[in-house]
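Engineer: A predicted structure for the sequence below; I have some questions about it.
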Amino acid sequence: MGRYIARRIFFIIPVALLVSFVTFMIIHLIPGDPARILLGEEATPQTVAALREQLGLNKPLLEQFSLWFWQLLHGNLGESIQLQQPVLQAIVQRLPVTLELGITSLFFSLLIGIPLGIYSATHRHSWVDWLVNLFSLLTTAIPAFVLGLVLILLFAVVFRIFPPGGYVAFSDDPLGNLRDLLLPMVTLGAGSIAVNMRQIRAGMLEVMGQDYIRTARAKGLSEQTIQFTHALRNALIPLLTIIGLQVGAILAGTFIVESIFLWPGVGQLAIQSILAKDYPTVQGIVLLSAFSYMAANLLVDISYVVLDPRIRLDK
């Protein structure tokens, strides 16, 4: 397994750099000038040209990317054009907020989706199974930005139970943090609930028809023991792959959800940086997202071995 992990880490680096290069070239195609955005429309052409030279924006694109890459090799993601601070510092300051939202949303989707999938599989063709499948269809069809606005309208405007947005750190106010977290967490995790539920349902239905399940029933084991000890463990293996893919979806979803609920995380920083054409910050966030996504998939591959010792990764 050690050789497999080293090989995967080796391949993460060129893939992340390729993603960064493509993003760098694409964002330069967006109309607008960062120097003009910083100085405003009233700035003279001479002032804008001086700032462009100061920021290195007057150099060819390949030269700009080469300079950024050289800084990256020395552990420096560059200076944020918009914030006038190191990009790494800007990301690290906002990363805990995004991690809190992303991790809780993932666990929320698993906490709801797995029990619903198990119950739906063990009560196949019942009215509960029908309702669960209808629920999964609705949560999959509703985009995150629509669901977020609906939740704000219902629970913040009509019923006034939760605030419409904002963020309070857990260390400052635990209850306030939980109150601010609930609506964004549900918005970001709702789409993953349906995916997890349907995957567990399909996996359980397939496993429950295997010979070893019939053997376990013949031995007189209880249905709960068969479902949770023998069937669920094998049904979870395909779900791990889905979880790895959901990390990417959650990373992308934080961009929208943090903007809707005014969370000061990396997602909101990314949106602000794209609008301001803050190239170094966008590059740093893309690099972080690429590494996070590939690291999550590496952990998923390692988890296969834990759930099924027959799987060998070094082959």
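Structural biologist: Cool, the structure landed.
Engineer: where does this protein dip in pLDDT?
Structural biologist: Scanning the chain with the threshold set as pLDDT under 70 gives 1, 306-315.
Engineer: for the host helix or strand of Val146, buried residues please.
Structural biologist: Here Val146 sits within helix 144-152, counting by DSSP states H and E. If you call a residue buried by 16 or more other Cβ atoms under 10 Å, then helix 144-152 has these buried ones: 144, 147-148, 151-152. In short, each C-beta sits where N, CA and C put it, glycine included.
Engineer: of those residues, which is the nearest to Gly191?
Structural biologist: For those, the closest approach to Gly191 (Cβ to Cβ) belongs to Ala144, at 6.5 Å.
Engineer: wait, isn't that closest one in contact with Ser192?
Structural biologist: No: assessed by Cβ atoms under 8 Å, Ala144 is found out of contact with Ser192, at 10.4 Å.
Engineer: returning to that earlier point: give me the contacts around the helix holding Val146.
Structural biologist: Contacts with helix 144-152, where a contact means Cβ atoms under 8 Å, 6 or more residues apart in numbering, come from 142, 164-165, 183-184, 186-188, 190-191, 253, 256-257, 260-261.
Engineer: same thing with stretch 74-89?
Structural biologist: Contacts for stretch 74-89 (Cβ under 8 Å, 6+ apart): 34, 38, 55, 68, 71, 90-91, 272-273, 276-281, 283-284, 287.
Engineer: of those, just the buried ones, PyMOL syntax please.
Structural biologist: Listed next is the PyMOL selection for buried residues among the contacts of stretch 74-89, using 16+ other Cβ under 10 Å:
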select buried, resi 34+38+55+68+90+91+273+276+277+278+279+280+281+283+284+287
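Engineer: now do the helices in this protein.
Structural biologist: Listed in chain order, the helices of the chain (DSSP state H) span residues 2-28, 34-39, 45-55, 61-73, 87-122, 127-141, 144-152, 174-207, 211-218, 223-225, 232-261, 266-275, 279-307.
Engineer: distance to Phe159 for these - can I get that in a markdown table?
Structural biologist: Listed next are the helices of the chain as a markdown table, based on distance: least, Cβ to Cβ, whole Å:
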| stretch | distance to Phe159 |
| --- | --- |
| helix 2-28 | 41 |
| helix 34-39 | 40 |
| helix 45-55 | 48 |
| helix 61-73 | 48 |
| helix 87-122 | 21 |
| helix 127-141 | 21 |
| helix 144-152 | 11 |
| helix 174-207 | 12 |
| helix 211-218 | 46 |
| helix 223-225 | 38 |
| helix 232-261 | 17 |
| helix 266-275 | 26 |
| helix 279-307 | 35 |
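Engineer: and the closest residue to Gly203 other than its chain neighbours, what does it touch?
Structural biologist: Beyond its immediate neighbours in the sequence, the residue positioned closest to Gly203 (Cβ to Cβ, 6 or more residues apart in numbering) is Ala235, lying 3.4 Å away. When contacts are counted by Cβ under 8 Å, 6+ apart, Ala235 touches 200, 203-204, 206-207.
Engineer: neighbour-wise, which of those residues leads?
Structural biologist: Among those, Ile200 has the most neighbours (other Cβ atoms under 10 Å), with 26 neighbours.
Engineer: that one against Gly113, yeah?
Structural biologist: Yes: because the distance of 6.7 Å satisfies Cβ under 8 Å, Ile200 is recorded as touching Gly113.
Engineer: what's the closest non-adjacent residue to Val247?
Structural biologist: For Val247, the spatially nearest residue (Cβ to Cβ, 6+ apart) is Ala296, at 3.9 Å.
Engineer: swap that for Thr98, please
Structural biologist: Once flanking residues are discounted, Thr98 sits nearest to Gly265: 3.7 Å by Cβ to Cβ, 6+ apart.
Engineer: so that neighbour touches Leu101, yeah?
Structural biologist: Yes: the pair formed by Gly265 and Leu101 meets the contact definition of Cβ under 8 Å, at 6.4 Å.
Engineer: name the residues contacting each of the two.
Structural biologist: In contact with both Gly265 and Leu101: 254, 258, using Cβ under 8 Å, 6+ apart.
Engineer: now stretch 161-174: buried residues?
Structural biologist: Within stretch 161-174, the residues that count as buried by 16+ other Cβ under 10 Å are 162-165, 167-168.
Engineer: got JSON lines for the residues you listed, with distance to Ile27 too?
Structural biologist: As requested, the buried residues of stretch 161-174 are exported to JSON lines (distance: Cβ to Cβ, whole Å):
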{"residue": "Phe162", "distance to Ile27": "35"}
{"residue": "Pro163", "distance to Ile27": "33"}
{"residue": "Pro164", "distance to Ile27": "31"}
{"residue": "Gly165", "distance to Ile27": "27"}
{"residue": "Tyr167", "distance to Ile27": "27"}
{"residue": "Val168", "distance to Ile27": "33"}
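Engineer: can you pick out the most distant pair from those?
Structural biologist: Distances among those were taken as Cβ to Cβ; the most separated pair is Pro164 and Val168, at 13.9 Å.
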